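S.K.: Structure for the following, please:
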Amino acid sequence: MRDCAYLCVSNAQTIITLISEHYKDDGSVGLIPAWWYRVYYTHLAATVLIAAKLHPDLSLELEVLEAWDRAISMLQAHKHLSPFISQFITTLQNISNKVWETHNTTVQSGDATPDGYSNAFMEDLFRDIGFDPNNPAFGLDDMYWVNDVN
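M.R.: Reported below is the predicted structural model:
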């Protein structure tokens, strides 16, 4: 399982690095010409990095924070293209902050299992973001929680 997590995080970092290194802000065509694909791939990769923050040794080993900063910078470079990109950035930052705060509180309280997780942490996290375990299917109409993560 750890190897799979390592590959996911490593590939997310690679995606962010490729997009940021080949990004051209002069309007010319780069590695990924359509801006919406750059935003989509960066957003997905940043989501993987948030998950990596749940496992501190994996996060530190792979320098997740550096990739996180690069992903947010790439999204900010695209803000002028769509009003939704600012919302993506805010949402990612809110979820990341919530994961960080909740995970650190759990680990410091001694409630964590040896791998850094706890049932209380996961229950709190999913309850706070509005996840209903009895109805796991998400649709666009279920995104009300995105602005309510604070």
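S.K.: Please make it C-alpha for all contacts and neighbour counts, starting now.
M.R.: Will do.
S.K.: Give the buried residues for stretch 57-75.
M.R.: Leu58, Ser59, Leu62, Val64, Ala67, Trp68, Arg70, Ala71, Ile72, Met74, Leu75 (16 or more other Cα atoms under 10 Å).
S.K.: The helix ranked longest in the chain - contacts with which helices or strands?
M.R.: In the chain, ranked by residue count with DSSP state H as the criterion, the top helix is helix 83-109. When contacts are defined as 3 or more Cα pairs under 8 Å, 6 or more residues apart in numbering; DSSP states H and E, helix 83-109 sits against helix 35-52, helix 64-77, helix 119-128.
S.K.: distance of Asp57 from Thr17?
M.R.: From Asp57 across to Thr17, the span is 21 Å (Cα to Cα, to the nearest Å).
S.K.: Pro83 now?
M.R.: Counting by Cα to Cα - Pro83 and Thr17 are separated by 24 Å.
S.K.: May I have the helix or strand containing Ile16 exported as PDB, CA atoms only?
M.R.: The secondary structure element spanning Ile16 is helix 2-21 (assigned by DSSP states H and E). Extracted C-alpha coordinates of helix 2-21, given in PDB (Å, rounded to 0.1, in the frame of the first residue of the first chain):
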ATOM      1  CA  ARG A   2       2.800   2.400   0.900                       C
ATOM      2  CA  ASP A   3       4.400   1.800  -2.600                       C
ATOM      3  CA  CYS A   4       1.100   2.700  -4.300                       C
ATOM      4  CA  ALA A   5       0.900   5.900  -2.200                       C
ATOM      5  CA  TYR A   6       4.500   6.700  -3.000                       C
ATOM      6  CA  LEU A   7       3.800   6.300  -6.700                       C
ATOM      7  CA  CYS A   8       0.700   8.400  -6.600                       C
ATOM      8  CA  VAL A   9       2.500  11.300  -4.800                       C
ATOM      9  CA  SER A  10       5.600  11.000  -7.000                       C
ATOM     10  CA  ASN A  11       3.500  11.100 -10.100                       C
ATOM     11  CA  ALA A  12       1.500  14.100  -8.800                       C
ATOM     12  CA  GLN A  13       4.700  15.900  -8.200                       C
ATOM     13  CA  THR A  14       5.900  15.000 -11.700                       C
ATOM     14  CA  ILE A  15       2.700  16.300 -13.300                       C
ATOM     15  CA  ILE A  16       3.000  19.600 -11.400                       C
ATOM     16  CA  THR A  17       6.700  19.900 -12.300                       C
ATOM     17  CA  LEU A  18       6.100  19.200 -16.000                       C
ATOM     18  CA  ILE A  19       3.200  21.700 -16.200                       C
ATOM     19  CA  SER A  20       5.100  24.400 -14.400                       C
ATOM     20  CA  GLU A  21       8.300  24.000 -16.300                       C
END
